[in-house]
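Visitor: From the sequence below, what's the structure:
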Amino acid sequence: METVDSARLCVDTSLLIGYLREREPEATLMEIAIQTRHCCIASVTAYELLLGAERVGKTQRENDLLAVFTILPFDEICARYAAGLHAGLIRQNADIGIKDIFIAATCLTHRVSLLTSHYERTPFSPYISTDIGQSPGFDPTLSISMDKLLRACVIGLGNIGNLHADIYKADPLAELVGVCDKNPERAAKAGQRLGVPYFLDVNEMLAALKPDLCSVATGGFEYSSDHYEPTMQALAAGCHVLGEKPISNDIACAEEMVASARQRGLCYAIDLNHRFTPAARTAKQWQNEGRIGSLLFCNMALWIGRPEDLDSPYYHLKALNPHSVDIMRYFCGDVARVQCFATKAPGRWMWSTASINMQFANGAVGHLTSSYDLKRAHNVERCEVNGVNGRFVIEDMWVKATLFPSDSMIQQVYQNPVFGGFTGFPDTFRDRIHTFLQQLTDGVAPEHIDGAGVDGLAAQKVIHAAIESLDSGQVVELGD
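Guide: Next up is the predicted model:
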């Protein structure tokens, strides 16, 4: 966890105003803070205080008070923290005032706790501490400590790994402390760009930096063969892990990673980012409210254009469908039986388009169409879930979710907003990573992590059953 300067406190504007007005509990709390800590204020607090004074034409008391405090500057690093905070809050529909954002970002940048009488308005409610003291008439849980920032490292620095690193750099719950890639040029380029130490060896980085969590964004054969070793190394070092999909195309390796995390009591998650959108959460809420009812069937489609031939005849099935299968399992539960047909588009040697039939353990049925043969000019994903009480359709992950109640002609629609909504595919990564960080911060048990390793493993088992069906021409039963 990132260390906070425990000797200093950043005092919020509301406390200063209460102190000037001799209002309780703010006056008593300020006296305790001044006597026990080195007190600072954000530059925006100085602005707010002086603006109020200028408006009434009396500035002497405010100037005298400001002379007591160190004024913390708002610089480029503060601006980056503020932008990350603000974007995250907007995505959660939890926006607060821009001045509060600036104060919070200043505290993060300068590694100081925030003393405020309005902690419920801040972005840092998980960081409430009780180290200021006790006094009648005020709540002692008013200090927000930044010492719970999660120290994050990224292993694998291709495009996706660099995106993970950028997200950790901006997220208010984490601090990016290092990156690693076996390619010296990529490691150096990323480390220099991000302003963090870079390494060529995973164990060396883990020993030197002792992170709380690691993203494993390596690739390898069929985009997964390089996931196993760094994941096991990070888990052995006591780190939580967020791995890229597919978890592994070697089922035995995937099972070993999941088992290792479970035995160590660590959180292991997979970047199944297609479920981490407001549209998917809205649809899940409809389902949880009983507005879909007993499930009947699910239709899923995911297609993107990848005209190049890749590592193996099964690359498309293994690399693309962790997302689509996970979405189907997210809404419909475990898959019991699988049947797969596939085709090779003209001039291609791998199975580039597939049609997969499923039966879920609850008796519902499903169908998945996936393809690497269609261009990306239009929509790429659609999920339809039907039950006895209604159905919903999710279009392109975050764009739109529509509920069709069976007993009404009136539809209910979630539409991604123009202002404050997702702006593109990278936002699904931001949401997924922030959710993992939030769950780690909140102390969520490993078995309750959203999009956990067990989910990635279950999706990959469905895909392997589909490949077995394709090769054998038979329906394949999935075991436990």
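
Visitor: buried sites along stretch 265-275?
Guide: Neighbour-count burial for stretch 265-275 flags 266-275 (criterion: 16 or more other CB atoms under 10 Å). (Each C-beta comes from the backbone N, C-alpha and C, glycine too.)

Visitor: of all those residues, which two lie farthest apart?
Guide: 266 and 274 (24.3 Å; CB to CB).

Visitor: Which of the buried residues of stretch 265-275 sits closest to residue 186?
Guide: Among the buried residues of stretch 265-275, residue 271 lies closest to residue 186 (CB to CB), at 19.2 Å.

Visitor: Find the nearest non-adjacent residue to the closest one, please.
Guide: Distances taken as CB to CB, 6 or more residues apart in numbering put residue 244 closest to residue 271, at 5.1 Å, once the chain neighbours are dropped.

Visitor: OK, contacts around that neighbour?
Guide: The contact partners of residue 244, by CB atoms under 8 Å, 6 or more residues apart in numbering, come to 156, 160, 215-218, 227, 270-271.

Visitor: Out of these, flag the one nearest to residue 292.
Guide: Closest to residue 292, out of all of the contacts of residue 244 and judged by CB to CB, is residue 270, at 25.3 Å.

Visitor: Give the bridge partners for that closest one, please.
Guide: Under DSSP bridges, the beta-bridge partners of residue 270 are residue 243.

Visitor: Quick check: it touching residue 452?
Guide: Yes. Applying CB atoms under 8 Å, one finds residue 270 in contact with residue 452, separated by 7.2 Å.

Visitor: Please work out how many residues are found near the nearest residue to residue 201 once chain neighbours are set aside.
Guide: Excluding the flanking residues, the one nearest residue 201 by CB to CB, 6+ apart is residue 180, at 7.2 Å. If you count neighbours by other CB atoms under 10 Å, residue 180 ends up with 29.

Visitor: Dihedrals phi and psi, residue 180?
Guide: Here is the backbone geometry of residue 180 (degrees, to the nearest 10): phi -150, psi 140.

Visitor: tell me the contacts of it?
Guide: The contact partners of residue 180, by CB under 8 Å, 6+ apart, come to 153-157, 187, 198-202, 205, 230.

Visitor: before we move on, back to that, in strands, which of the buried residues of stretch 265-275 appear?
Guide: Using DSSP state E, the subset of these located in strands is 268-270.

Visitor: and the residues you listed as a markdown table, adding pLDDT and distance to residue 424?
Guide: Listed next are these as a markdown table, based on pLDDT from 0 to 100; distance: CB to CB, whole Å:
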| residue | pLDDT | distance to residue 424 |
| --- | --- | --- |
| 268 | 98 | 28 |
| 269 | 98 | 22 |
| 270 | 98 | 21 |
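
Visitor: where exactly do the strands run in the stretch 301-450 of the chain?
Guide: 335-343, 353-360, 365-371, 381-387, 390-395, 400-405, 412-415 (DSSP state E, counting those that start in this stretch).

Visitor: so which of those strands comes closest to residue 469?
Guide: Ranking those by proximity to residue 469 (CB to CB) places strand 335-343 first, at 4.3 Å.

Visitor: Given that closest one, what are its sheet partners and their directions?
Guide: Its sheet considered, strand 335-343 pairs with strand 353-360 (antiparallel), strand 476-477 (antiparallel) by DSSP bridges.

Visitor: Give the rounded mean pLDDT of the last one.
Guide: In this case it means strand 476-477. In this model, strand 476-477 has an average pLDDT of 98.

Visitor: Could you give the separation of it from the chain centroid?
Guide: Mean C-alpha position of strand 476-477 versus that of the full chain (CA atoms, centre = their mean, to the nearest Å) differs by 34 Å.

Visitor: Tell me which residues are up against that strand.
Guide: Strand 476-477 is contacted by residues 336-339, 465-466, 468-469 when judged by CB under 8 Å, 6+ apart.

Visitor: Which two among those residues are spaced furthest apart?
Guide: Largest separation among the contacts of strand 476-477 by CB to CB: 336 and 468, giving 14.5 Å.

Visitor: Please say which of the two ends up with more neighbours.
Guide: Just comparing residue 336 and residue 468: by other CB under 10 Å the higher neighbour count belongs to residue 336, 16 against 13.

Visitor: what's near enough to touch that one?
Guide: By CB under 8 Å, 6+ apart, residue 336 lies in contact with 359-361, 477-478.

Visitor: pLDDT value on it, please?
Guide: The per-residue pLDDT of residue 336 was computed as 98.

Visitor: Buried ones in stretch 380-394, by neighbour count?
Guide: 380-387, 389-394.

Visitor: same thing with stretch 329-345?
Guide: Going by 16+ other CB under 10 Å, stretch 329-345 has these buried residues: 329-332, 335-340, 342.

Visitor: so which of those residues comes closest to residue 404?
Guide: For these, the nearest to residue 404 is residue 331 (14.9 Å; CB to CB).

Visitor: Against residue 393, how distant is that closest one?
Guide: 12 Å (CB to CB, to the nearest Å).

Visitor: so what sits against both of the two?
Guide: Both residue 331 and residue 393 are in contact with residue 383, where contact means CB under 8 Å, 6+ apart.

Visitor: tell me the pLDDT at the closest residue to residue 245 other than its chain neighbours?
Guide: Nearest residue to residue 245, sequence neighbours excluded (CB to CB, 6+ apart): residue 322, at 4.1 Å. Looking at residue 322, its pLDDT is 96.

Visitor: got it, and the one 10 residues further on?
Guide: Looking at residue 332, its pLDDT reads 98.

Visitor: same deal with the one 10 residues further on?
Guide: The predicted structure scores residue 342 at 97 on the pLDDT scale.
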